[in-house]
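*Asks:* Generate a structure from the sequence data that follows.
(chains A, B, C and D)
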2 protein chains.
Amino acid sequence: MARTDSSLERAADLLRRKLASLGPLADTVVRDIKTLARDRVEIGAGRPIVKERERCPSLYLIESGWVFRSRGLASGRRQIVNYALPGDILCADSVLFKASSFDLTARTAVSVIRIEPPANEIFERYPGLSAALAWTAAQEESILAERVVSLGRRDSLEKLAHALCELEARLSAIGQMKGRTIELPLNQEDFADILGISVIHVNRTFRRLSEDKTAEYRKGSIELIDRDRLAEISSFDPAYLHLE
Amino acid sequence: MARTDSSLERAADLLRRKLASLGPLADTVVRDIKTLARDRVEIGAGRPIVKERERCPSLYLIESGWVFRSRGLASGRRQIVNYALPGDILCADSVLFKASSFDLTARTAVSVIRIEPPANEIFERYPGLSAALAWTAAQEESILAERVVSLGRRDSLEKLAHALCELEARLSAIGQMKGRTIELPLNQEDFADILGISVIHVNRTFRRLSEDKTAEYRKGSIELIDRDRLAEISSFDPAYLHLE
DNA sequence: TAAGGGAACTAACAAGGGTAAAGTCGCGTT
DNA sequence: AACGCGACTTTACCCTTGTTAGTTCCCTTA
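*Replies:* Residues are numbered from 1 along each chain as shown, chains lettered A, B, ... in the order given. Coordinates of the predicted model:
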C-alpha cells in the first residue's frame, strides 16, 4: 500500500477526529488500525459489499464513497437503515456476530481499507481497536435511535428537514460541505427509502421546502437556503451524532 | 450486597448466556462486572432513571423489571426507542459519550446493579467489560436497525406482529414466557409509542389479530394463539437479536 | 354498594400519505 | 437533430391511519 498511504492517512485522520472524545486512546485506535490494515479494496458503484446472512470477513475503514446499509422486503419494498461516509467503519459487528442482518451496498464507487483483526484476543491485545468497535457501535446506535424517532413520530416534512440537517452535520464533520450546498449521490428514491415514505411524497415534500424557500433539491445536490428554518421544523439537535 | 448475591448471580447468568458467542471471554465479562459491581439500586415504577442531556454516571445491569428508552417531542408525542429487560445493560454509551440523548424510564419497579468502571483505562485494563460494551452496543444497534425497517416499511399489522414475535423471542431467552402467553406491563398506549402509530389504531390492529384468531390482547398479558402466523405476517427472522 | 378513575373499545369523520398513470426535463448516444 | 433513457414532476383518486368524542368495562376505594 506504499503509494496510497496518504489516502489511508486521510481516512485515519477523519476517524481520529470522530474519536476525539476518547482522549489519548484515539491515537491508540489509529495505531491498532494501521497495524492491522491489510489492503485497499475498490468497489464499483451499485455493487454489494456484504449481503444479508453473509458473514462479513473483516472490518473496513471507508476512504471515499457512500455506503448504504439496507434491507429489502418482499414486494419490493426497501428500507435504508443508515448510510456510511469516509472515516466510518463498516462491519463493526462482524467481529462479534456470525452474520450480517443487512445488505451493505456501495452507492457510489467506494474505496475501503480492509482491516483484519485476529479471530481471538481482540479485546485482550488491541484496546484501541476495542474502543473503536465500542465507540462505532454506540454512535451508530445513537443515530439509529434518532432515526426511530423520526420514522415513528415525525411527519414527512419534519422527517425530510431532519435528514437534511443530519446530512449537513455529518458532511461538515468530514469537510464535504460546499458552502451551504450538499453534494450527494442520493436521488429521490433513496430519500424515500431513508425516510420510509414514497418517492412521490418525497417529491411533494421537497416542493414544499422549495416553495417556502427553505431548501432546493437538484439532481446531485441540495441547497440549504435556510438552515435555521430546517432545524426549527425538525427540532434538530446534533448531540446524538456525538461529533466532537 | 451479601444478602442479595443470588439475584446478582441470576442477572449475571442471563448476561453470560447472551454473550455466549464470545466464547471464553464471556466469563471474563462476568468477572469484570462482579469486580466493578457497587450497589443495588431500586427504582419505583414510572420513575426516570436518566433524563435526556443528563450524563449517566455508571453502568447498570438489570436484575428485574422493564425499562423504556424514549424521547418526548413537542406537542406531547412520544417515541419509545427500545425496551430493556433483565440481563440487559443500561447506559453502555455513558462510558463513551458525555450525555444521553434519550430518557430512561422504569416502566415497572426495577432493580439494577450499579457498575462503576474507572474513568480511564477501561479498554486497557478490563477486556471483559470492553467486550460487553461493544457487544451490548452492537446488539442494540441491530435491534434498532430492525425497528427502523418496521417503522419505515411495514404497515400496522406487520409492525404489531413483528413486535409480538420479538417480545416472545426476548422473553423466552430470559425464561419469562408462560407457555404461549406473554406477561407484560405494556398497555396499548405503550404499543402505540413503540410502533409509531396511534392508540386507536393499535386497538383496531389487535382486534384484527383477535378476529383472525392469531393473538389476543388482555390487560397485562397477550396470548399468542398462532405464532407461525405472526411470524409469517411480519416475515420475522430472529437472527437480528443475536440470541445464542 | 356506590362512586370514581383508568384503560379499553367503538363510531364518524378528516387528513396525510400511497398508488397509478402520464407527462416533462436533461443528457448522453447515434 | 432525433432518439432513448433515467430521473424528476404533476394530477387524480383511494386507502390507511389519525383525530375527536363518547361509551363500556373493570378495578379500586369509600
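*Asks:* Quick check, pLDDT for the spatially most central residue of chain A.
*Replies:* Nearest to the geometric centre of chain A sits A:Ala84, at 2.2 Å (C-alpha atoms, centre = their mean). Looking at A:Ala84, its pLDDT stands at 98.
*Asks:* How about A:Asp93?
*Replies:* A:Asp93 is given a pLDDT of 88.
*Asks:* Is it part of a helix or strand, or is it coil?
*Replies:* A:Asp93 falls in the helix class when you classify it by DSSP: H, G, I helix; E, B strand; the rest coil.
*Asks:* so what's it up against?
*Replies:* Residues in contact with A:Asp93, defined by C-beta atoms under 8 Å, 6 or more residues apart in numbering or on different chains, are A:56, A:100, A:137, B:138, B:141-142. No exception for glycine: its C-beta is placed from N, CA and C like everyone else's.
*Asks:* What are the boundaries of the strands in chain A?
*Replies:* Assigned by DSSP state E, chain A shows strands spanning A:37-43, A:48-50, A:59-64, A:67-72, A:78-84, A:89-90, A:103-106, A:110-115, A:177-178, A:181-183, A:215-218, A:221-224.
*Asks:* mind checking the longest helix of chain A?
*Replies:* helix A:127-153 (DSSP state H).
*Asks:* That one near DNA strand C anywhere?
*Replies:* No: using C-beta under 7 Å from any atom of the strand, helix A:127-153 stays clear of DNA strand C, coming no nearer than 10.3 Å.
*Asks:* before we move on, the earlier item: could I have the buried ones of the contacts of A:Asp93 as ChimeraX selection syntax?
*Replies:* Typed into ChimeraX, the next command selects the buried ones out of those (criterion: 16 or more other C-beta atoms under 10 Å in any protein chain shown):
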select /A:56,100,137 /B:138,141,142
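*Asks:* and of the contacts of A:Asp93, the nearest to A:Glu116?
*Replies:* A:Cys56 (11.8 Å; C-beta to C-beta).
*Asks:* That closest one against A:Lys98, yeah?
*Replies:* No: counting by C-beta atoms under 8 Å, A:Cys56 sits too far from A:Lys98 to count as a contact (9.9 Å).
*Asks:* Spell out which parts of chain A neighbour DNA strand C.
*Replies:* Residues of chain A lying close to DNA strand C (C-beta under 7 Å from any atom of the strand) are A:155-157, A:196-198, A:200-201.
*Asks:* Now the buried members of those.
*Replies:* A:156-157, A:196-197, A:201.
*Asks:* circling back to that earlier point, and the residue nearest to the centre of chain A, how close does it get to DNA strand C?
*Replies:* Taking C-beta to the nearest atom of the strand, to the nearest Å as the measure, A:Ala84 falls 25 Å from DNA strand C.
*Asks:* Check the burial of the spatially closest residue to that residue that is not a sequence neighbour by counting its neighbours.
*Replies:* Distances taken as C-beta to C-beta, 6 or more residues apart in numbering or on different chains put A:Val67 closest to A:Ala84, at 4.3 Å, once the chain neighbours are dropped. A:Val67 has 24 neighbours, counted by other C-beta atoms under 10 Å in any protein chain shown.
*Asks:* which residues does A:Val67 contact?
*Replies:* A:Val67 touches A:49, A:83-85, A:88, A:90, A:104-107, A:110, counting by C-beta under 8 Å, 6+ apart.
*Asks:* Report pLDDT for it.
*Replies:* The model's pLDDT for A:Val67 equals 97.
*Asks:* contacting residues for A:Pro86?
*Replies:* A:Pro86 touches A:10-11, A:14, A:62-65, A:174, A:176, counting by C-beta under 8 Å, 6+ apart.
*Asks:* same thing but 7 Å
*Replies:* A:11, A:14, A:62-64, A:174 (C-beta atoms under 7 Å, 6 or more residues apart in numbering or on different chains).
*Asks:* Likewise for A:Arg38?
*Replies:* Going by C-beta under 7 Å, 6+ apart, A:Arg38 touches A:114-116.
*Asks:* let's see 8 Å
*Replies:* By C-beta under 8 Å, 6+ apart, the contact set of A:Arg38 is A:58, A:113-116.
*Asks:* what's the closest of those to chain B?
*Replies:* The closest of the contacts of A:Arg38 to chain B turns out to be A:Ile115 (C-beta to the nearest C-beta; 15.0 Å).
*Asks:* So that closest one sits against A:Lys34, correct?
*Replies:* No: between A:Ile115 and A:Lys34 there is no contact under C-beta under 8 Å: 9.2 Å.
*Asks:* if you count what's nearby, which of those two comes out ahead?
*Replies:* A:Ile115 (23 against 15).
*Asks:* What residues are bridge-paired with that one?
*Replies:* Counting by DSSP bridges, A:Ile115 is bridged to A:Ala37, A:Leu59.
*Asks:* Quick one: name the residues of chain A near DNA strand D.
*Replies:* Counting by C-beta under 7 Å from any atom of the strand, the residues of chain A near DNA strand D are A:187-189, A:199-200, A:203-204, A:206-207, A:217, A:219.
*Asks:* can you narrow the residues you listed to ones near chain B?
*Replies:* By C-beta under 8 Å from any C-beta of the partner chain, no member of these lies near chain B.
*Asks:* Among the residues you listed, name the buried ones.
*Replies:* A:188, A:206, A:217.
*Asks:* Of the contacts of A:Arg38, just the buried ones, PyMOL syntax please.
*Replies:* Filtering the contacts of A:Arg38 down to the buried ones (16+ other C-beta under 10 Å) takes a single PyMOL command:
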select buried, chain A and resi 58+113+114+115
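*Asks:* Endpoints of stretch A:39-51, how far apart?
*Replies:* Length of stretch A:39-51, first residue to last, C-alpha to C-alpha, to the nearest Å: 21 Å.
*Asks:* List the buried residues in that stretch.
*Replies:* For stretch A:39-51, by 16+ other C-beta under 10 Å, it's A:43, A:49-50.
*Asks:* Please consider this matter closed, and thank you.
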